[in-house]
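A predicted structure for the sequence below; I have some questions about it.
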Amino acid sequence: MTLKVIKHETTKLVEKVKIKAFGDSIENSPEYEAAVAKYESMKSNVTNFCRSSEEIIKQLNELFSTVSQFGDSLEKSAHGLTNGDGANLGQELNNFAEAISKSGDSNLINRYNQCVIMPLKKFISDIEAVNKDMKIHYDNMLILTSNLAKLEKLKTSNKNPEKIAEYEKKIENRQKIVNDIEENFFAAIDSLWARRITEVHDPIMVFATLFHQFIKSAYEKAGEVRLSIGPTCDRQLPSGDIPQFEEPVKTQKMSLTGIKDKILKNDGKK
């Protein structure tokens, strides 16, 4: 490590201590602050979307496990029935669970990871790549801030013109470095900002398509289960509607207006 590097590292350390201990701050340009705000917004929103998408995969795996256990339990409950509407119920539900789990494990989840999760993580990685430019910018701003403070002291004392000229040159050179860093940073952020719609839109479209296919498949398999149970169930569910029982369970009926009034009343108690 050269003497110049050691001096720069010492200067940065001193400035960091001043910021932490005395509340000093780095004065960045409004343009740079706006670019940083875009960076933080993109990183936060896309990261949260990716985490939510991964949580859906977790919930689906739990769903497949629950459906499988449900089918197995009903198969055991229906054991011994040799005829009638419930004879094949357990086995058909087990087949339904296997079909849904197979669809999810080998098709939906794999494609979901490949077409939704992976592209989102790639975009997050691209966003985070500009973080190194922010670190370099911050380090150079620490040195620039220190040099500006030293120059101000020299000018206040009005002594040592050569030293004043030396620090003016240092500030000019350091400001050029900062400007170059900011120019590259602005270009990178503008590129990411322009890409964000496509980078997030495409996974959302894939997400919607995959779940439409999954729900359609689940509906078709559920229909097969309904038909296999027997004619009584088929008559009760001619179009997949909720069956109408002879003695419906009595529930308290409330209009939409009544529901709204109840909600407003409860809110008023808070």
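Arrived safely, thanks for sending. Numbers count the residues shown, from 1 in each chain.

Skipping adjacent residues, who's closest to Glu199 in space?
Phe123 (4.3 Å; CB to CB, 6 or more residues apart in numbering). C-betas here are computed from N, CA, C, even on glycine.

Neighbours of the one you found, how many?
Phe123: 23 surrounding residues under other CB atoms under 10 Å.

Any figure for the gap between Ala222 and Gln69?
Distance of Ala222 to Gln69, computed by CB to CB, to the nearest Å: 17 Å.

Kindly report the same for Glu54.
On the measure of CB to CB, Glu54 and Gln69 end up 24 Å apart.

So the two - more neighbours on which side?
Neighbour count, other CB under 10 Å: between Glu54 and Gln69, Glu54 has more, with 15 against 11.

list the contacts for the more buried one?
With contact set as CB atoms under 8 Å, 6 or more residues apart in numbering, Glu54 has these partners: Ile117.

please renumber so the chain begins at 663
From this message on, residue numbering opens at 663, which makes the last subject Glu716.

can you count the residues close to the residue lying closest to Val778 once chain neighbours are set aside?
Nearest-residue entry for Val778: Pro865, 4.4 Å, with adjacent residues in sequence omitted and distances by CB to CB, 6+ apart. Neighbourhood size, Pro865 [other CB under 10 Å]: 22.

likewise Gln721?
If we define neighbours as other CB under 10 Å, then Gln721 has 9 of them.

so it, which of the three states?
Using DSSP: H, G, I helix; E, B strand; the rest coil, the structure places Gln721 in helix.

quick one: pLDDT of it?
The per-residue pLDDT reported for Gln721 equals 80.

next one: the one 10 residues further on
Residue-level confidence at Gln731 comes out at 71, pLDDT.

Please report how far the residue nearest to Cys777 when sequence neighbours are not counted lies from Leu854.
Excluding the flanking residues, the one nearest Cys777 by CB to CB, 6+ apart is Val868, at 4.3 Å. Separation of Val868 from Leu854 (CB to CB) stands at 21 Å.

Can you pick out the residue with more neighbours from these two?
With neighbours defined as other CB under 10 Å, Val868 and Leu854 compare such that Leu854 has more, 20 against 16.

just checking, what packs against the helix or strand where the more buried one lies?
Using DSSP states H and E, the element containing Leu854 is helix 823-891. Packed against helix 823-891 by the contact rule (3 or more CB pairs under 8 Å, 6 or more residues apart in numbering; DSSP states H and E) you find helix 692-739, helix 751-764, helix 771-774, helix 780-791, helix 793-819, helix 893-898.
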